[in-house]
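J.: make a model of this:
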Amino acid sequence: MRRFIAVAAMVAALVGADVAVAKAPPLCKNCTNLNKKYRHGIGKAHARDHTPGGPVTTFLRSDRLYRIAMSYNRGLDRDHDGIACESA
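T.: Modelled structure (predicted):
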């Protein structure tokens, strides 16, 4: 019985740890937070902005950072053009 309780406690601790890791960092919660660090947004290396006016070209081009941001919050790239939180 003691062994079962010890194993159950270890499983509960591991499950609790996974939940804590899964929370999105403050940077990826919304575009306001992301634009504080990356003023014009983050995009894939070869992304093109799809806006009716002049396209945004001053965003940070980084496949790795874009992928990380999208893994936490897909809503950062609402128009699905490969640029998260683009702003002029």
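J.: which residues does residue 30 contact?
T.: By C-beta atoms under 8 Å, 6 or more residues apart in numbering, the contact set of residue 30 is 73, 76. For every residue, glycine as well, the C-beta is placed using N, CA and C.
J.: equivalent analysis for the one 10 residues further on, please.
T.: For residue 40, the contacting residues are 56, 58-60, 86-88, taking C-beta under 8 Å, 6+ apart as the criterion.
J.: farthest pair within these?
T.: 60 and 88 (14.4 Å; C-beta to C-beta).
J.: look up the pLDDT of residue 19 for me, please.
T.: You'll see residue 19 listed with a pLDDT of 46.
J.: let me fix that: residue 36
T.: 95.
J.: the closest residue to residue 68 other than its chain neighbours: what's it in contact with?
T.: Nearest residue to residue 68, sequence neighbours excluded (C-beta to C-beta, 6 or more residues apart in numbering): residue 28, at 7.6 Å. Residue 28 is in contact with 34, 68-69, 72-73, 76, counting by C-beta under 8 Å, 6+ apart.
J.: filter the residues you listed down to the ones in strands?
T.: Judged by DSSP state E, the subset of the contacts of residue 28 located in strands is empty.
J.: can I have the buried ones of these as a PyMOL selection?
T.: Here is the PyMOL selection string for the buried members of the contacts of residue 28, based on 16 or more other C-beta atoms under 10 Å:
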select buried, resi 34+69+73+76
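J.: quick check, nearest of the contacts of residue 28 to residue 51?
T.: residue 76 (16.1 Å).
J.: got the contact list for that closest one?
T.: 28, 30-31, 34, 69-70, 84-85.
J.: pull the most distant pair out of the residues you listed.
T.: 30 and 70 (13.7 Å).
J.: now do the residue most central in space within the chain against residue 63, distance only.
T.: Centroid check for the chain by C-alpha atoms, centre = their mean gives residue 69 as the closest residue, at 2.1 Å. Separation of residue 69 from residue 63 (C-beta to C-beta, to the nearest Å): 11 Å.
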